[in-house]
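[1] sequence plus predicted model, see below.
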Amino acid sequence: MIRVDVTEVRIMLRNKESNKKLKAYATVTFDSCFVVRDVKVIEGSKGLFVAMPSSKMKVSCPKCGHRNVVRSHFCSQCGNALEQPRAAAVSEENRQSEHKDIAHPITPECREYIQKRVLEEYDKKAKEPGAGQTSESSSAADFSCNGEEND
Ligand SMILES: [Zn+2]
């Protein structure tokens, strides 16, 4: 049973060459009064899925205790070499596990519901004429010759 209602979903399409898996950012409004930004639409191996906003996990340096971003090779405080998590199979899904969710549903039903709503809006937006043009300002140079990747 869903108690909250997603009242608005705003989609900001991304088509950066640098991160093809990240399809869009979404801003989701619940019950017209609570907004969650930085929800991501990601193309995984099993299709599109929605990732909730997250922050990078940190690991403490065993020598000085400085908190470094996961997968740093050396401590940025003392230069001590840091133990590496296994580097193999770094898929987008695996990378998610190095992130801590900031806001997220705690029931599968709610997760499903949010994902459905976000992907519906994403679908609409992606089909609009002129889709793929990001209105968002970005510092990176604008590549005008993106390959078509429509299904
Ligand atoms: Zn250190």
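    Cool, got the structure.
[2] quick one: contacts for Arg117?
    By Cβ atoms under 8 Å, 6 or more residues apart in numbering, the contact list for Arg117 reads Val6, Val9, Val28. All C-beta atoms are positioned from the backbone trio N, CA, C, and that covers glycine.
[3] show me what the longest strand along the chain is packed against.
    Ranked by residue count, the top strand of the chain under DSSP state E comes out as strand 34-44. Contacts defined by 3 or more Cβ pairs under 8 Å, 6 or more residues apart in numbering; DSSP states H and E place strand 34-44 against strand 22-30, strand 47-51, helix 92-96, helix 108-127.
[4] cutoff 6 Å now
    strand 22-30, strand 47-51, helix 92-96 (3 or more Cβ pairs under 6 Å, 6 or more residues apart in numbering; DSSP states H and E).
[5] can you pull the buried residues of that strand?
    Val36, Val39, Lys40, Val41, Ile42 (16 or more other Cβ atoms under 10 Å).
[6] closest one of those to His99?
    Lys40 (10.4 Å; Cβ to Cβ).
[7] next one: that closest one relative to Ser72, how far apart?
    As judged by Cβ to Cβ, to the nearest Å, Lys40 and Ser72 stand 23 Å apart.
[8] got a winner among the contacts of Arg117 for most neighbours?
    Highest neighbour count within the contacts of Arg117, by other Cβ atoms under 10 Å: Val28, with 24 neighbours.
[9] residue contacts, it?
    Val6, Val9, Val36, Val39 (Cβ atoms under 6 Å, 6 or more residues apart in numbering).
[10] in the sheet, who's paired with the first one?
    The residues paired with Val6 through beta bridges, assigned by DSSP bridges, are Phe30.
[11] for the residue nearest the centre of the chain, give the beta-bridge partners.
    The residue lying closest to the centre of the chain (Cα atoms, centre = their mean) is Lys40, at 3.7 Å. Assessed by DSSP bridges, Lys40 has beta-bridge partners Tyr25, Ala51.
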